[in-house]
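Asks: could you look at this predicted model? Sequence included:
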Amino acid sequence: MKRKVVYPGTFDPITKGHLDIIERASKMYDEVIVAVAAGFHKTPFFSVEERMDMIRKVVKGLKGVTVDSYDGLLVDYLKQVKQRLVIRGLRAISDFEYEFQLALLNKKMMGDDIELIYMMPDEKYLYISSSAVKEIAIHGGNVNQFVPKYVAGMIKKRYKK
C-alpha cells in the first residue's frame, strides 16, 4: 500500500521553506499531494492556476509529488481524495497557536479519519513567509534568496505591472 500525504496551503507564492518541506516529505512518503487552497479569505496575489504552475515547475523532478487544488474546507478535500494524513509546516510559536486551533477544528470535523504531522523547515528558512516575500516585492526588494528562481521571475513580472 502506498503511503500518501497531503500538504495543503495557499502557497502564494511557494517559498524555499515550502519547497524544503515538500522535498523532505517526498523522501518519507510514496506520494506527496501539494494541495493549493483557493484561499479567498486571504485575497491571494496569484491565481490558483498560477500558484499550481509555479509549484509544478519547482517540484519537477521530485518523485511522487503531485499538485492539486481545492476550494472550501480541507476536511472536505481529504474526503474527496480519500486521504487522511496531512503535513503542515511550523516556523514559530505563532504558527503553532494557529495550527493547534486548526488541528482541533479538523479533528472535531473528521475524528480519527485525520492525522496531522508537523514539520519545521530547515532553520535557514524559518523566518520566510509568503506574506513577507510579497511585502518585499511590493517595495521593490529582491526576493531571490527567499523563493525558487522561477518563482522570483514570476513575482518580478507581476510587480512590474
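Replies: Sure thing, it's come through.

Asks: residues in contact with K107?
Replies: K107 is in contact with 114, 116, counting by CB atoms under 8 Å, 6 or more residues apart in numbering. Heads up, the C-betas are built off the backbone N, CA and C, glycines and all.

Asks: A strand includes it, no?
Replies: No: per DSSP: H, G, I helix; E, B strand; the rest coil, K107 lies outside any strand segment and is helix.

Asks: that one and I14: what is the separation?
Replies: Spatial separation of K107 from I14 under the definition CB to CB, to the nearest Å is 27 Å.

Asks: cool, and Y125?
Replies: From Y125 across to I14, the span is 12 Å (CB to CB).

Asks: send over the helix or strand of the chain with the lowest mean pLDDT as CSV, restricted to the C-alpha atoms.
Replies: Every helix and strand in the chain was compared by mean pLDDT, DSSP states H and E; the lowest is helix 93-110, with a mean of 78. Provided in CSV are the C-alpha atoms of helix 93-110 (Å, rounded to 0.1, in the frame of the first residue of the first chain):
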residue,chain,number,x,y,z
ILE,A,93,5.2,29.8,18.2
SER,A,94,2.6,32.0,16.4
ASP,A,95,2.3,29.2,13.7
PHE,A,96,1.9,26.6,16.5
GLU,A,97,-1.0,28.5,18.1
TYR,A,98,-2.8,28.9,14.7
GLU,A,99,-2.1,25.3,13.7
PHE,A,100,-3.2,23.9,17.1
GLN,A,101,-6.6,25.6,16.7
LEU,A,102,-6.9,24.3,13.1
ALA,A,103,-6.0,20.8,14.2
LEU,A,104,-8.6,20.7,16.9
LEU,A,105,-11.3,22.0,14.5
ASN,A,106,-10.3,19.5,11.8
LYS,A,107,-10.2,16.6,14.4
LYS,A,108,-13.7,17.7,15.6
MET,A,109,-15.0,17.5,12.0
MET,A,110,-13.2,14.3,10.9
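
Asks: which of Y125 and I14 has more neighbours?
Replies: I14 (29 against 19; other CB atoms under 10 Å).

Asks: wait, the more buried one touches V58, no?
Replies: Yes: look at I14 against V58 with CB atoms under 8 Å: they come within range, at 6.3 Å.
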